[in-house]
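1. Here is a sequence with its predicted model. Questions after.
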Amino acid sequence: MTMNFDFSNPYTSTRLPVFARNAVSTSHPLAAQAGLRMLWQGGNAVDAAIAAAAAMTIVEPVSNGLGSDAFCLVWDGQQLLGLNASGRAPQTWTPDYFQRKYGDAAQTPPKRGMDSVTVPGAVASWVALSERLGRLPFEDLLQPAIEIAERGYLLPVVVQQKWAAATPELQSLPGFAQSFLPWGRAPQVGELFQFAAAAKGLRAIAKTKGQAFYGGEIAHAIEKFSAQHGGSITAQDFAAYQAEWVTPIAQNYRGYTLHEIPPNGQGIAALIALGILENFDVSALALDGVDSQHLQIEAMKLAFADVYRYVAEPASMQVTPAQMLDAAYLKQRAKLIDMKRAQDFGAGNPVKGGTIYLTAADENGMMVSFIQSNYMGFGSGCVEPEFGVSLQNRGHAFSVQAQGLNPANLVAPGKRPFHTIIPAFLTRDGQPVMSYGVMGANMQPQGHMQTLVRMLDYQQNPQTACDAPRWRYNAGLEINVESSLRADTAQGLQARGHRVEVINDSYQDFGAGQFIWRAGDPKVQGYVIASDARRDGLAAGF
């Protein structure tokens, strides 16, 4: 989809856009190369994405592992498909279960440990994608990850920083030190890290097409490990799990359409914010000026107010996504924005009456937007030692109190919690334009919106939009901004009542994006590919 991008870049960056007919962009070069290897071998973009995702569990364990959850959006050449592979609660999990163990005052399941772990869905997503859309044998897709785990890799800069920072909190949790502190400490930059147990786990998953993980030997090992360390998840919980194909939800913006996975994820926040911005002439405002940034911040606040109040497992929600995205409702919400003053918005009434992201595309037009995560750094902190399964802590996102902020998110057996990880996809007139995502907790919909506004309202190319300074809304009137944001803009935001804190650590605080924009016929023009300099990543292609 050709667009008159400005390819000059006013921001400090170590990256340039890449142009190719077959493309992979991830936050670690070895994972990008794992994906390219599948494309060289005759595989398609789905094969490439699975190989890259498997490799990412090894090369960026601070963000994801074999015990992650995942979501995916895929343009299969004809239509856009959605896959929800977020985990479900063990059958033992009820509000009473947590209140008996942790006291009546407990608001959520614990942040770390086995009682924060829901059934991981990432492996199921690999299998489901391969069976429906892949071209190469499933076992072949995991070979690069197995090789990396066995031979090891030299630790990169950004991952090492987060590894070392997480160690004090997690070093005493079951399996963590054995797996991730090979010398009794976090590895240093440039030191060789090997993960033989995860290689064993990957081999079992590859050989059985995931059956070893969902009810087989890995599931039984996790059940035993959990029981030893105070958890209640069982092999039967794993055996009952299935990833779910879903219909994406969408919002039109400036003649394009942004697609997201429907709840239980927070992708709808980006759609709400864009639906609010559609009521303003954003391009008439100076690109990095205070008016443009203030307007986007306020739109995002309004979006989060509704998302945190209403979004949960769809069957439990009191309102529908369609009601939350109703154009008349969003126009009404847009009128609440005061261009001269920051506000702390409450939820409206729409009823009438941590994480890795990667993307891949091939010359036949298949495009994959994929995200998987252990949630907080290293997830639960628990690592099953025989198969190297580093388990997520998504259960911490549940409420265990019926009178909580979002009653629809109350824990229940087999239920999925509110989820932060979201892939994105852009179309125009029903045709694919861009596969992209910006990882990093609640920064994700904020990054989706900020980068898309830069591309569609200001014609910045994907790499420039990625490099540009970002802000992050936290709560109330509090925002963080990157130190590269113009000083007069930061001061202007403060003058309007925003409580601004300048942050230099960009790993989680401002997210990290990967972008593949279709430049035209993939066999002829190919794609424009970008990768975020805030991580150790690589945009690669041929």
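-> Sure thing, it's come through. Computed from a predicted model, the values in this text were never measured in an experiment.

2. can you pull the pLDDT of residue 353?
-> Looking at residue 353, its pLDDT reads 46.

3. Please disregard the earlier target; I meant residue 10.
-> At residue 10, the pLDDT recorded in the model is 79.

4. what's the closest non-adjacent residue to it?
-> residue 464 (7.7 Å; CB to CB, 6 or more residues apart in numbering). For every residue, glycine as well, the C-beta is placed using N, CA and C.

5. next one: residue 496
-> Here the residue nearest residue 496, using CB to CB, 6+ apart, is residue 342, at 5.2 Å.

6. With residue 210 instead?
-> Per CB to CB, 6+ apart, closest to residue 210 is residue 127, 4.1 Å.

7. Can you tell me the element that neighbour falls in?
-> Residue 127 belongs to helix 122-133 when assigned by DSSP states H and E.

8. sorry, back to before: contacts only, for the residue nearest to residue 496.
-> Counting by CB atoms under 8 Å, 6 or more residues apart in numbering, residue 342 touches 294, 297, 298, 477, 493, 496, 497, 498.

9. now swap in residue 226 and tell me
-> 114, 117, 232, 233, 234.

10. Next, count neighbours for the last one.
-> Just to be clear, that refers to residue 234. Neighbours of residue 234 under the rule other CB atoms under 10 Å: 20.

11. related to what we said a few turns ago, give me the pLDDT value at the residue nearest to residue 496.
-> 97.

12. now the contacts of residue 342 in TSV, with distance to residue 161?
-> Formatted as TSV, the contacts of residue 342 follow (distance: CB to CB, whole Å):
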residue	distance to residue 161
294	32
297	28
298	33
477	30
493	28
496	33
497	33
498	28
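
13. what two of those are the furthest from one another?
-> Using CB to CB, those span at most 11.8 Å, a distance reached by 294 and 477.

14. Now the common contact residues for the two.
-> 342, 498.

15. of these two, who's got more company?
-> residue 294 (25 against 17).

16. Look at the more buried one and give its secondary structure.
-> The three-state assignment at residue 294 reads helix, by DSSP: H, G, I helix; E, B strand; the rest coil.

17. re earlier: residue contacts, the residue nearest to residue 10?
-> 6, 7, 8, 9, 10, 11, 13, 454.

18. Could you check how far it is from residue 399?
-> 40 Å (CB to CB, to the nearest Å).

19. contacting residues for residue 252?
-> residue 278.

20. Across the sheet, point out what pairs with it.
-> residue 257 (DSSP bridges).

21. Kindly report the same for residue 530.
-> Assigned bridge partners for residue 530, using DSSP bridges, are residue 515.

22. which strands and helices sit next to the host helix or strand of residue 305?
-> For residue 305, the host element (DSSP H and E) is helix 290-310. On a contact count with 3 or more CB pairs under 8 Å, 6 or more residues apart in numbering; DSSP states H and E, helix 290-310 meets helix 268-277, helix 327-334, helix 443-458, strand 471-475, helix 487-495.

23. for the fourth one, what is the average pLDDT?
-> Averaged across strand 471-475, the pLDDT comes to 93.

24. same thing with the first one?
-> Averaging the model's pLDDT scores along helix 268-277 yields 97.

25. pLDDT below threshold where in the stretch 151-300 of the chain?
-> Across the stretch 151-300 of the chain, nothing is flagged by pLDDT under 70.

26. residue boundaries of the strands in the stretch 351-500 of the chain?
-> Using DSSP state E, counting those that start in this stretch, the strands assigned to the stretch 351-500 of the chain run over residues 356-361, 367-373, 383-384, 389-390, 424-428, 431-439, 471-475, 478-482, 499-503.

27. Could you dump the ones you listed into CSV with distance to residue 278 added?
-> Below are the strands of the stretch 351-500 of the chain laid out as CSV (distance: least, CB to CB, whole Å):
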stretch, distance to residue 278
strand 356-361, 25
strand 367-373, 22
strand 383-384, 45
strand 389-390, 41
strand 424-428, 15
strand 431-439, 17
strand 471-475, 19
strand 478-482, 22
strand 499-503, 26
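
28. Could you point out which of the ones you listed sits nearest residue 533?
-> strand 478-482 (11.8 Å).

29. what packs against the closest one?
-> Packed next to strand 478-482, using 3+ CB pairs under 8 Å, 6+ apart, are strand 471-475, helix 487-495, strand 499-503.

30. shouldn't residue 453 be in contact with residue 277?
-> Yes: between residue 453 and residue 277 there is a contact under CB atoms under 8 Å: 6.9 Å.

31. Name the residues contacting each of the two.
-> What both residue 453 and residue 277 touch, as defined by CB under 8 Å, 6+ apart, is the set residue 296.

32. re earlier: closest one to residue 319 out of the contacts of residue 342, please.
-> Distance ranking of these against residue 319, using CB to CB, places residue 298 first at 21.7 Å.

33. I'd say the closest one and residue 337 touch.
-> Yes: counting by CB under 8 Å, residue 337 is a contact partner of residue 298 at 4.6 Å.

34. neighbour count winner among the two?
-> The neighbour comparison of residue 298 against residue 337 (other CB under 10 Å) goes to residue 298, with 25 against 21.
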